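Colleague: Sharing a model prediction with you, sequence too.
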Amino acid sequence: MKILVMGAGAIGSVFGGFLSNSQDVTLIGREDHISAIRKKGLRVSGIWGEHLFKNLKAFTSTDECKIYAPYDLVLITTKSYDTEHATMQILPLIGEDSIVVSVQNGIGNEEVIAKIVGKERTMGGMAIFGAMMIEPGHVKVTVYASECLFGTLSQDMKKSRAIAGMISKAGIPSLPTEDIIREKWMKVFYNIALNPLSAILKVRYGALGIYDETRAIIKSMLQEAFRVAKKEGIRLKFTYDEYFDYLMEKQLPPTSEHISSMLQDLERHKKTEVDYMNGAIVRLGKAHGIKTPVNETVVNLIKTLERMYGVSSSR
């Protein structure tokens, strides 16, 4: 299978690297990272072992890989604010039977992709493992909470099982799901609870579960988010109280050492994805007439930090 990873940062590089052992993989990423991969290969270290992947094609733009099109599978692993642009760029590189997968944080990416490539070619992917860029050409897998989940918007379980099976066989534990949008919401709950607070306080995830004050803030954010999700028609697995307990007892311990993507973005003077996490809860809350003051306050704090770190609103 020919696979394109669009936006090969930390997470995208992990997928691309492991898949390259058995598939024909092309990465598209930033110049410094791609240049290092071309020279020395892609190094992936961390909790899944030490690997050096050399059987990869690596480019900085879609124009450079047109000769290899069409791709059977495209993994979009860009930041959420780049989803539309990334999807438009890969459009000439896919065929009628190609599958385009959003392996991204936040709400709404699958819908954006589906508007461009069609619902029947769109799939969602949820990854609950953490990775960070150590240096160009070197990515480290830092934490792992559970299997990745993959599912089509059209609920085609044959396709979902095939993709999840291939990725799992490559070394990244994965399962198919009939309701990927619900699962993406479940990850949003995890992200809105931990990602921005850890960035604001400059702590690893584990610290957020220690203090009564941070636990209270998390619970309030989740309560608002669950109200919004219900209005959106999401078939929830938990009440917000039940999910809070699940988060604290099951999800937080194995990811306690994780450094949030928002904190990493801020320290690199990059725009965060808060608009697609807590910001999405605020935006959808307003559409449904639901007040979300705690999430709104958190969004405002992250936006303030972006300005303090010199992040341009256009980036």
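Modeller: Here it is on my side, so go on.

Colleague: From now on I want contacts and neighbour counts done on CA atoms only, so please keep to that.
Modeller: OK.

Colleague: now the end-to-end length of stretch 110-124.
Modeller: Start and end residues of stretch 110-124 are separated by 6 Å (C-alpha to C-alpha, to the nearest Å).

Colleague: buried stuff in it?
Modeller: Of the residues in stretch 110-124, those buried under the neighbour-count criterion (16 or more other C-alpha atoms under 10 Å) are 110-114, 117, 119-124.

Colleague: what does stretch 8-28 give?
Modeller: 8-20, 23-28.

Colleague: just to revisit the earlier point, secondary structure, distance to T239 and pLDDT added to the buried residues of stretch 110-124, as TSV?
Modeller: Compiled in TSV, the buried residues of stretch 110-124 are given as follows (DSSP: H, G, I helix; E, B strand; the rest coil; distance: C-alpha to C-alpha, whole Å; pLDDT from 0 to 100):
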residue	secondary structure	distance to T239	pLDDT
E110	helix	25	96
E111	helix	25	95
V112	helix	28	96
I113	helix	30	97
A114	helix	29	97
V117	helix	34	97
K119	helix	30	94
E120	helix	31	94
R121	helix	32	96
T122	strand	29	96
M123	strand	26	97
G124	strand	24	97
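
Colleague: hey, where'd the helices end up in this protein?
Modeller: Secondary structure of the chain by DSSP state H: the helices cover 10-19, 31-40, 83-90, 109-117, 157-170, 180-201, 205-208, 212-231, 240-246, 261-267, 278-288, 293-308.

Colleague: Select, out of those, the one closest to L73.
Modeller: Smallest distance to L73 across the helices of the chain (C-alpha to C-alpha): 8.9 Å, for helix 157-170.

Colleague: now for that closest one, which elements pack on it?
Modeller: For helix 157-170, the elements it packs on are helix 10-19, strand 148-152, strand 174-176, judged by 3 or more C-alpha pairs under 8 Å, 6 or more residues apart in numbering; DSSP states H and E.

Colleague: can I see the domain layout of this structure?
Modeller: Domain segmentation of the chain under automatic domain parsing yields 2-178, 182-308.

Colleague: Straight-line length of the first one, end to end?
Modeller: Across its full length, domain 2-178 reaches 25 Å end to end, with C-alpha to C-alpha as the criterion.

Colleague: Next: the last one.
Modeller: The distance separating the two terminal residues of domain 182-308, taken as C-alpha to C-alpha, comes to 35 Å.
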